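Enquirer: My questions concern the predicted model and sequence given below.
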Amino acid sequence: MKIGLIGLQNSGKTTIFNALTGMDVEITSYSSQKIEPNHGIVQVEDKRVEKLSNMYNPKKTIYATIEYIDFVGLTGNKENNDAFGGTGMGLVKTADALALVVRNFADSTSGDSPDTLVDVDSIESDMIISDLIIAEKRLEKVELSKKRGIKETSLLLEEKALQKVIAHLENSKPIRTLDLASDEEKSIRGFQFITQKPLMVILNSDEDNFGNNDSLIHELEKTYKVIEFAGSFEMELNKLDEEEAAEFMLDMNIKASARDRLTEFSYDLLGYCSFFTVGEDEVRAWTITQGSDAVEAAGKIHTDLARGFIRAECFSYNDLIQCGSEKVVREQGLFRLEGKKYIVQDGDILNIRFSV
C-alpha cells in the first residue's frame with residue numbers, strides 16, 4: 001500500500017510523516033525549494049502474524065507494509081493553474097490513496113490562525129483543475145483521431161468516459177464521486193487521475209486544541225474521511241521509550257500510535273483486508289481488496305500462481321487458533337479446497353495449488 005501525504009506549506013505534513021515512520025526528516029527542508037519527496041516504509045503491526053510465526057517457527061516472517069510519501073508542500077498560489085503538474089508532484093499519481101494534511105494550529109512563522117475548511121477546498125480545487133487539464137488535452141487528441149478516420153470501439157468508449165469526466169470536473173466535483181460503468185472506468189484508468197484516488201483528511205492539531213474539534217470534524221466528514229493527529233506531540237513520542245510514551249498518550253487520551261491509527265483508517269478507506277501464507281520457510285501477510293477472489297489473491301503472491309491456478313487450500317486463522325494446530329483443523333473438517341470464484345476473507349490462510 002502506498003499513501004501520499006499532500007498539503008499546503010507549513011501544514012505540518014513532514015511532521016506527520018515523521019510521526020508515522022519514526023524517521024527524523026528535517027521539517028523545514030521544503031523551504032529551500034526541495035522538490036523530491038520523502039519516502040518511508042513501515043510494517044503493518046498485526047498480532048496474527050506474530051502468533052503464526054510462533055506456531056510455525058519459519059525462517060522468515062514478513063509483515064504487510066505501507067509506504068508513506070511526503071510530497072513537497074503546495075503554495076496555494078491561485079496563479080498556478082496546475083499545482084500538481086511538477087516533476088516531484090507527478091509521483092502523486094503512483095499513490096493508492098492520498099492523505100491531505102491540513103493545519104489546525106497557529107502558523108509559527110506568520111502567526112496566522114488556521115482556516116482549515118478553506119485550505120481543504122483550495123487543494124481539492126487544485127486537484128480538480130489538474131485533472132481537468134489532462135482530460136481536456138486527451139479529449140482533443142481523441143477528437144483529432146476521429147477526424148483522421150480512426151473510430152475504434154475502445155476510442156469511442158474513452159471519448160464517452162472523458163466527456164463524463166470533464167462535465168463532472170467542470171461542476172467542481174472530484175472523479176471519485178462520479179459513477180462510471182466498469183468499462184468506462186477501465187478506459188481512463190491509465191491516466192491515474194488524482195481526484196479519482198481515495199482521499200482522507202488528516203487534521204493536524206496542536207496539543208492545546210487536540211480532541212476539541214468536534215464541530216470542525218463533523219463539517220469535514222460531510223465530504224471526507226477524517227482523522228485527527230497532534231502531529232508535533234506524536235512526532236516527539238518516537239523519541240521516548242515505550243513506557244514514557246504510553247504515559248504521555250494516556251494524558252492526551254490517545255489510545256494507539258499515529259501509525260497504528262492511520263493503518264486501520266487506511267485499510268477501512270481502501271477496503272483492504274489481509275490473508276496469510278504459512279510454512280517452515282516463511283510466514284507472510286498479504287494485502288488485498290475486500291471482495292477479491294482466490295485467483296486475484298494467488299496473483300498477489302506470484303503471477304504464475306494466478307495463471308496456473310487449480311485450487312486454494314484454505315482455513316481460517318481463528319479456526320487455527322481455536323484448534324491449536326493445523327492437524328486438528330484438518331481433523332475437525334475445517335480445512336477446505338476452494339475454486340477460482342471463492343471470495344477470500346480477512347484472516348484466511350491459503351496455499352495455492354497450481355500448474356504452469
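Expert: Structure received.

Enquirer: switch to C-alpha atoms for all contacts and neighbour counts from now on
Expert: OK.

Enquirer: Now do the contacts for residue 329.
Expert: 315, 319-320, 323, 335 (C-alpha atoms under 8 Å, 6 or more residues apart in numbering).

Enquirer: Likewise for residue 231?
Expert: 12, 15-16, 19, 204-206.

Enquirer: Looking at these, spot the one nearest residue 154.
Expert: Minimum distance to residue 154 across the contacts of residue 231 is 42.6 Å, recorded for residue 16 (C-alpha to C-alpha).

Enquirer: Remind me what the strand or helix carrying that closest one packs against, helices and strands.
Expert: Take DSSP states H and E as the rule and residue 16 turns out to sit in helix 13-21. Applying 3 or more C-alpha pairs under 8 Å, 6 or more residues apart in numbering; DSSP states H and E, one finds that helix 13-21 contacts strand 2-6, strand 38-43, strand 65-70, helix 231-237, helix 258-270.

Enquirer: Save these as JSON lines, and put in distance to residue 150 and mean pLDDT too.
Expert: Output for the helices and strands packed on helix 13-21, formatted as JSON lines (distance: least, C-alpha to C-alpha, whole Å; pLDDT from 0 to 100):
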{"stretch": "strand 2-6", "distance to residue 150": "37", "mean pLDDT": "94"}
{"stretch": "strand 38-43", "distance to residue 150": "43", "mean pLDDT": "93"}
{"stretch": "strand 65-70", "distance to residue 150": "40", "mean pLDDT": "94"}
{"stretch": "helix 231-237", "distance to residue 150": "54", "mean pLDDT": "92"}
{"stretch": "helix 258-270", "distance to residue 150": "38", "mean pLDDT": "91"}
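
Enquirer: tell me the most buried of those?
Expert: Across the helices and strands packed on helix 13-21, averaging neighbours per residue (mean count of other C-alpha atoms under 10 Å) puts strand 2-6 on top, at a mean of 23.

Enquirer: tell me the pLDDT at residue 212?
Expert: Note for residue 212: predicted pLDDT of 93.

Enquirer: measure it to residue 133 for me?
Expert: To residue 133, residue 212 is 39 Å away according to C-alpha to C-alpha, to the nearest Å.

Enquirer: Pick out whichever of those two has more residues nearby.
Expert: Between residue 212 and residue 133, counted using other C-alpha atoms under 10 Å, residue 133 has the larger neighbour count: 14 against 10.

Enquirer: With residue 84 as the reference, measure out to that one.
Expert: Computed as C-alpha to C-alpha, the residue 133 to residue 84 distance reads 11 Å.

Enquirer: just the helices in the stretch 51-200 of the chain please.
Expert: Secondary structure of the stretch 51-200 of the chain (DSSP state H, counting those that start in this stretch): helices at 116-147, 153-170, 182-188.
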